[in-house]
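Engineer: kindly generate the corresponding structure for this input.
(3 chains)
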Amino acid sequence: MNEKIKLSKPYLLSADDLTIDDINNIFVKTHFFMDNHKTGVKYDDLKSTIVSLAFFEDSTRTKLSFELAAKRLSADCFSFQAKTSSLSKGESVLDTLKTIEAMGVGIFIIRHNCSGVPVFLQGNTNGMIINAGDGQHEHPTQALLDAFTLHKHFGDLKGKKVCIIGDILHSRVARSNMTLLNTLGVDVSICSPGTLLPYDMNAWNVGIIDTVDEAVEWADVLLVLRLQRERMESGLLPSIREFSNYYSITIEHLRRKPELMLMHPGPVNYGIELDYSISKLPNVLIETQVTHGVFVRMALLSLLSGYAN
Amino acid sequence: MNEKIKLSKPYLLSADDLTIDDINNIFVKTHFFMDNHKTGVKYDDLKSTIVSLAFFEDSTRTKLSFELAAKRLSADCFSFQAKTSSLSKGESVLDTLKTIEAMGVGIFIIRHNCSGVPVFLQGNTNGMIINAGDGQHEHPTQALLDAFTLHKHFGDLKGKKVCIIGDILHSRVARSNMTLLNTLGVDVSICSPGTLLPYDMNAWNVGIIDTVDEAVEWADVLLVLRLQRERMESGLLPSIREFSNYYSITIEHLRRKPELMLMHPGPVNYGIELDYSISKLPNVLIETQVTHGVFVRMALLSLLSGYAN
Amino acid sequence: MNEKIKLSKPYLLSADDLTIDDINNIFVKTHFFMDNHKTGVKYDDLKSTIVSLAFFEDSTRTKLSFELAAKRLSADCFSFQAKTSSLSKGESVLDTLKTIEAMGVGIFIIRHNCSGVPVFLQGNTNGMIINAGDGQHEHPTQALLDAFTLHKHFGDLKGKKVCIIGDILHSRVARSNMTLLNTLGVDVSICSPGTLLPYDMNAWNVGIIDTVDEAVEWADVLLVLRLQRERMESGLLPSIREFSNYYSITIEHLRRKPELMLMHPGPVNYGIELDYSISKLPNVLIETQVTHGVFVRMALLSLLSGYAN
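Structural biologist: Predicted coordinates for the structure are as follows:
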């Protein structure tokens, strides 16, 4: 185990935990898993490791992606989808986690609707925490799979131009991507209604683009966000229709610039942030992102496995 | 793989997809799996195939039966029980399915409360769809296990007389059985209150019997349906008690004709369509149907596996 | 299989099913599984046995503990967390169980919010029932893991003094512990507000202690119960704060007597029955209990496996 390549930190809470070497090591390993797929072979990286998928917020795709990845590395997976209601009975997330840890679980893949929960848990347990999305904070494995998808398409990413479009304020995907793409030397801009920009915009090393037309002209890649309708409470947008008029990507945008690539973390609100008509264009990478997600998570777990109990 | 016996279609959406050869091949394979059981041996038919049990409607028994079958063929099974609520967030069933498919899932076992969903999905994905019950439309594997149970009891089914009793209108079990039993040359009749008959009755090649007494006299087998109380909205029945007075099967019916067999897809509403007192009579095949269900589904999945990605 | 050590009864419904020999056999086997752990080796005791985790009441920790135990013995595990709502559609627990049994399931691990359900089911099925908690009746595996934790700490338990503190009335943990500890010759007392004592207190071979201070002085071990706030309906306690003032265990209690051990079945209501400040003291065994739980359940399942179908 000692000679194995490891990541610089024994957990993944934020895209900020990953150095450029870490990211490159993950990409090399991801290529390895992709190239050697289709044989039905399982790997032993997580043999005799127990992985708990602790999703305190509903999820189908991210949970399935992690589960497929962990099982291909021979982990024993146990998932529970906790409701906030059972926690209101007086059991804290930390207490739940320490109990599960006492049963022998070594890796916790956590999704929680409160920002900061994975960081808090990592500071208070001996297990390894992987953040699968916390509130409006971070979703680092989404950023990793997005970056891998770009790397697979473009090769070296230094100086490439990515514009993130839509609801930046509520998006953990945007936060993790801004950090990870900066680490990789990508030139990042954002394009969003002013009310959906974070208050601390100056702290981010990103440009601001006003219109989708300008974004199309400037960028090599558009990373379009899901409009978090369920989080949109009072008055941030005049109407979803108005948002759609100004910020939706249409087939005309993509026809105008055939080399422009489009990504989206899914699930897409077709008719709001994307026209349905674009879903089959060759420059749309949405399903490719999903496919890459499983291999990227395999690579991450494999490189973290040296630290696991 | 090329020499393997395959079904004529690379999916199962309706009982109508199965030719008489298909059905006989499934029965032969089912016998094989039953005769060789109890050894703890697993088969390799679905090794390295990922099966998703996508149940958009609650189910315990059908889901467990498919899961047992798929795992005995060495499939990797992933189940999710989706709520309509998460779909109202703007994600379509098709989008969910294509996402899961992009992760490498090859077989989708689908239950959905809307008729036609499996047909729609098969037309829009590359995966293999198996219909585990869609709305009031079809439940083809239930018809297969019912027919296998009859075949095991009677041998050749040609000319055997089956009367389907109860709520035909809302029953996907009735629809799939009428089709499959017709394919096998069985003589099918139905016995139901007029308000619980489908409007397109003439399109079905079945006779109509007015009373349970006549049904008992005529039939070799009674296939009694569950009264779908939760689907029975306004005014189709004067009362459940009146339905029960006229259409319930009692111990007297079965004592009168000891060679008459009784089947029910379960779960039974005892006291409504069946008297509880009959549950232990030797001519009641309800538990046998459940036992056969696992082996029939193994046979189906095995014969479809040649098509799976 | 015939030479294997078996328990005296082919199921576990109550702590009363276990003789002193049974308990000692379980402890010996638990030691074996603990001492040989960390190798990633799985045992074959339940190979080709299908285990159904039928939890009709929410549970994270007990369910996970049983699942880990069963899988380490190579069982095929299928869990379902049934809602009362689906049962209101007219399907009884017994009908559900017999259906699952007809699919080949041999062992049922049952949790139900009604006292007596496991006993009823064992009388009406051929499967093996293990009670994982029924209403306010029994939770025998919790008592086993508690007793094992004591045995590991003290060696022979004969004459040791255990005081159970808190809401005895609603506690299945208390009932199972009083029985099991009596079998082992432990001297048991209880300490509780009068309104939270069972009506049949005289039937139990236990002493009554009035105050926590006296309990601390008398006991070798305090077994503190969770205050079942959700079961506490009208008027049993003036207020939770008053309960806490009189019955909460504080850091002063434990510092006063360093050899006094403290156990709790979890999840703890910190601030109610226990001060949070005590959670890291060396005489608190709560996490040790959880760790032991998995091995005790492995031992139980292993010793019952000779009876399983």
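
Engineer: quick check: next helix or strand after the helix or strand bottoming out on mean pLDDT in chain A?
Structural biologist: Ranked by mean pLDDT, DSSP states H and E, the helix or strand of chain A with the weakest confidence is helix A:84-87, at a mean of 47. Elements were assigned by DSSP states H and E; along the chain past helix A:84-87, the next helix or strand is helix A:93-102.

Engineer: which residues are in contact with that following helix?
Structural biologist: By C-beta atoms under 8 Å, 6 or more residues apart in numbering or on different chains, the list of residues contacting helix A:93-102 from outside reads A:52, A:54, A:56, A:82, A:87, A:108, A:112, A:117, A:120-121, A:124-127, C:60-61, C:64, C:266-268, C:270, C:287-288, C:290-291. C-beta coordinates here come from the backbone N, C-alpha and C atoms, glycine included.

Engineer: does A:Cys163 count as helix, strand or coil?
Structural biologist: Assigned with DSSP: H, G, I helix; E, B strand; the rest coil, A:Cys163 falls in the strand class.

Engineer: let me know whether it touches A:Asp187 as I believe.
Structural biologist: No. Under the criterion of C-beta atoms under 8 Å, A:Cys163 makes no contact with A:Asp187, lying 9.4 Å away.

Engineer: end-to-end on stretch A:248-262?
Structural biologist: Stretch A:248-262 has an end-to-end distance of 12 Å (criterion: C-alpha to C-alpha, to the nearest Å).

Engineer: if we can go back for a sec, which of A:Cys163 and A:Asp187 has more residues huddled nearby?
Structural biologist: Neighbour totals were compared for A:Cys163 and A:Asp187, and A:Cys163 leads with 26 against 19 (other C-beta atoms under 10 Å in any protein chain shown).

Engineer: what's across from the more buried one in the sheet?
Structural biologist: The residues listed as beta-bridge partners of A:Cys163 by DSSP bridges are A:Ser189, A:Leu222.

Engineer: would you mark the buried spots in stretch A:23-36?
Structural biologist: Using 16 or more other C-beta atoms under 10 Å in any protein chain shown as the test for burial, stretch A:23-36 gives A:Ile23, A:Asn25, A:Ile26, A:Phe27, A:Lys29, A:Thr30, A:Phe33, A:Met34.

Engineer: for chain A, which spans come out with low pLDDT?
Structural biologist: For chain A, applying pLDDT under 70 flags the ranges A:1-3, A:39-40, A:82-91, A:230-234, A:309.

Engineer: ok, now which ones touch A:Lys71?
Structural biologist: Listed by C-beta under 8 Å, 6+ apart, the contact partners of A:Lys71 are A:Lys42, A:Cys77, B:Asp76.

Engineer: for C:Gly135, state which of the residues you listed is nearest.
Structural biologist: Closest approach between the contacts of A:Lys71 and C:Gly135, by C-beta to C-beta: A:Cys77, at 31.4 Å.

Engineer: the closest one touches A:Leu64, doesn't it?
Structural biologist: No. A:Cys77 sits out of contact with A:Leu64 when judged by C-beta under 8 Å, with a separation of 11.0 Å.
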